[in-house]
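[1] One predicted model, sequence on top.
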Amino acid sequence: MRKKIVAGNWKMNMEYTAGVSLFSEVINMVRDEVRGDQEVVVCPPSIFLHSLGVLAAQQQNVNIGGQNCHQKESGAYTGEISAAMIKSVAAEYVILGHSERRQYFGETNELLAEKTNVSLKAGLKPIFCIGETLEERNSGAHFDIISAQLAEGVFHLDAESFANVVLAYEPVWAIGTGVTASPEQAQEIHAFIRKQIEERYGDAVAANTTILYGGSCNPKNAPELFAQADIDGGLIGGASLKSRDFTDIVKVFNS
Ligand code: PGA
């Protein structure tokens, strides 16, 4: 069966010492909480990955991930970080296509397909983000937007490669706004995403794909969200910066 994952996206927050403390606290607090089919993933700024990777190695089912990578394998791209570099510091995952990357850095589905390819080639599992803006939802275009993000970003993969992709539905209007999608709204889209996967890859792949919800997820709303049939955990921004809030979300799986 599919994995349940709570992933923290620290974005451009924390400095080194505070980041190491936060991650150490998280590891200690989730030690007895993550069971066999569950995983905790922390995605810090890339400069902290190596140190956090050393700590993560001590704890089964706790892993680290990058927040982005470059679309090329290597070369003259000053200031950029490759998927293979991220993998080489013991990271297992990389977030791709976060709405902030799409919005502020102009990342398109086409570019993200390239990033997906280099990530998988390097042995990283992409946490591939999709989701509509408020205008798109209000105009009723949300299903089409999500279909296109899937079709152009990840559905070029064969089934074997796609099995390494985690999806994250993050409605842009819910990210960092304090407005969460209702459990029903989120479940409606998650079921739609799973159906799209089923049409592309068949039942078994669809049933095994982890689909996370992201957008103002916190310890209060996580229980109802995670109780939905097609929601397999969360991608957590703001609440991942506080060890108690983040681990309380992790604990929702077993409560
Ligand atoms: P948020 O961010 O939890 O702060 O809304 C989620 C995300 O951007 O992944």
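    Perfect, I can see it now. Treat the numbers as computed from the prediction; the structure is a model and nothing was measured. Numbering: from 1, shown residues only.
[2] Asn208 reaches Ala163, doesn't it?
    Yes. Asn208 is within contact range of Ala163, at 6.8 Å (criterion: Cβ atoms under 8 Å). For glycine as for every other residue, the C-beta is placed from the backbone atoms N, C-alpha and C.
[3] Regarding the closest residue to the ligand within the stretch 1-150 of the chain, what are the backbone dihedral angles?
    Among the residues of the stretch 1-150 of the chain, Asn9 lies closest to the ligand, at 4.3 Å counting by Cβ to the nearest ligand atom. When quoted as degrees, to the nearest 10, the phi and psi of Asn9 stand at phi -110, psi 100.
[4] before we move on, what SS does Ser119 have?
    With DSSP: H, G, I helix; E, B strand; the rest coil as the basis, Ser119 sits in helix.
[5] re earlier: report the contact partners of the residue of the stretch 1-150 of the chain closest to the ligand.
    For Asn9, the contact set (Cβ atoms under 8 Å, 6 or more residues apart in numbering) comprises Cys43, Gln67, Ile95, His98, Gly214, Leu235, Ile236, Gly237, Ser240.
[6] most surrounded residue in those residues?
    Tallying neighbours with other Cβ atoms under 10 Å puts Ile236 at the head of the contacts of Asn9, with 29 neighbours.
[7] Pull out the buried residues from the helix or strand encompassing Arg102.
    Per DSSP states H and E: Arg102 is located in helix 99-104. By neighbour count with 16 or more other Cβ atoms under 10 Å, helix 99-104 contains the buried residues Ser99, Glu100, Arg101, Arg102.
[8] Tell me, how many residues neighbour the nearest residue to the first one once chain neighbours are set aside?
    Looking back up the chat, that one is Ser99. Counting by Cβ to Cβ, 6 or more residues apart in numbering, Val172 is the residue found nearest to Ser99 once chain neighbours are left out, at 4.6 Å. Residues near Val172, counting by other Cβ under 10 Å, number 21.
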